[in-house]
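*Asks:* build me a model:
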Amino acid sequence: MTASAAGALVLDFGGVISKTLFETHDATEVALGLAPGTLTWRGPFAEETDPLWSAMQRGELSERDYWLTRSREVGRLVGEDWQDMQTFVRRARGADPMLVIRPEAEQAIRIAREAGRKLAVLSNELDLFYGADFRRRLPLLDHFDIIVDATHTGILKPDPRAYRAVCDALELTPEACVFVDDQDRNINGALACGFNAVRLDVRHPKDSYRQALHLLGLAFD
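*Replies:* Down below sits the predicted model:
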C-alpha cells in the first residue's frame, strides 16, 4: 500500500483526541477543591510511581477497571461515593469539553477532513466515561463520519470485531485506514486486522499525529 492510498483516519478518543486525566491533575484539583499535588498517580508519565497503571499494562486489569478504581479514590477525597467514571470526568472537566481537547488532534482532524479523508472514532468507552450528551457539546465530533463506541456495541478493542465494524461502516478495507491509539494492546489488535497503526505517545502527541498524517499522504502544518 502506498501512503496516499490510505483513506480514513480512525482515532481513539480518550488520550488521543482528548488529553489524559494525568495531564490535567492541576485543573482537576481546582475543580474539586483539592489541595495542589493531591493527585499523585501519573500513569504513563511516571509509571514507576503508579503500580496500578503498570498492572493494567501487564493485562492484570482492564483500562475500565483502572479508571473505576481511580474514580472511587477521588470520590472519597471529596467525601462522595463515585461508582462510575462518568461522575469523575464530569466533575473534573467542567462544562467546556474543548478545554481538554488536544490541539494537535484538532489540527490533524482539520487537515484530514480538508483533504477529503474519512474520519472515524473507535472508542471503548466514549459515552460510558463522558456521558451521552457529551457529543452534542463537542462540535469537533461533527467532523466525523462515524463513531463506533463499545459503550453501545459491547465489543471492546482489541477484539477484531471492533475493527471490522469500523471498516464496514466506512466501507473501506483495513489497509485503507490509519488507526491511532495510546494503548499497545489496541495497536497490536489493529495491526493484526491489517490496519496501518500509530501508537500515540501522550508525551509527544505532535510527533504521533505527524506520523499518522504521513501514512495518509498528508503533512502536519
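*Asks:* check contacts around the residue sitting furthest away from the middle of the chain.
*Replies:* Outermost residue of the chain with respect to the C-alpha centroid, by CA atoms, centre = their mean, is residue 79; its distance is 28.7 Å. The contact partners of residue 79, taken as CB atoms under 8 Å, 6 or more residues apart in numbering, number zero. No exception for glycine: its C-beta is placed from N, CA and C like everyone else's.
*Asks:* so where is the chain shaky, pLDDT-wise?
*Replies:* 1-6, 94-95 (pLDDT under 70).
*Asks:* need the helices for it, in chain order.
*Replies:* Ranges of helices in the chain, per DSSP state H, are 25-32, 51-57, 63-77, 85-93, 103-114, 126-130, 150-153, 160-170, 184-192, 205-215.
*Asks:* comparing these, which comes out most buried?
*Replies:* Neighbour counts (mean count of other CB atoms under 10 Å) averaged over each of the helices of the chain peak at helix 126-130, with a mean of 22.
*Asks:* so what does that one touch, helix or strand wise?
*Replies:* In terms of contact count using 3 or more CB pairs under 8 Å, 6 or more residues apart in numbering; DSSP states H and E, helix 126-130 is assigned the packing partners helix 85-93, strand 146-149, helix 150-153.
*Asks:* and the second one, which strands flank it?
*Replies:* Which is strand 146-149. strand 118-123 (parallel) (DSSP bridges).
*Asks:* tilt between the strand it pairs with and helix 103-114?
*Replies:* Angle of strand 118-123 versus helix 103-114, following axes from the mean of the first three to the mean of the last three CA atoms, to 10 degrees, is 140 degrees.
*Asks:* contacting residues around strand 118-123?
*Replies:* With CB under 8 Å, 6+ apart, strand 118-123 has contacts from 7-14, 17, 109, 112-113, 141, 143-151, 157, 162-163, 166, 169-170, 172, 177, 179, 181.
*Asks:* apply 7 Å and report the result again.
*Replies:* With CB atoms under 7 Å, 6 or more residues apart in numbering as the test, strand 118-123 has contacts from 7-13, 109, 112-113, 143-150, 157, 162, 166, 170.
*Asks:* check stretch 209-221 too.
*Replies:* 3-4, 6, 9, 104-105, 107-108, 111-112, 115, 117, 178, 180, 196, 198.
*Asks:* and the closest residue in space to residue 203 that isn't next to it in sequence, how close does it get to residue 74?
*Replies:* Closest residue to residue 203 apart from its sequence neighbours, by CB to CB, 6 or more residues apart in numbering: residue 45 at 6.8 Å. Distance, residue 45 to residue 74, using CB to CB, to the nearest Å: 17 Å.
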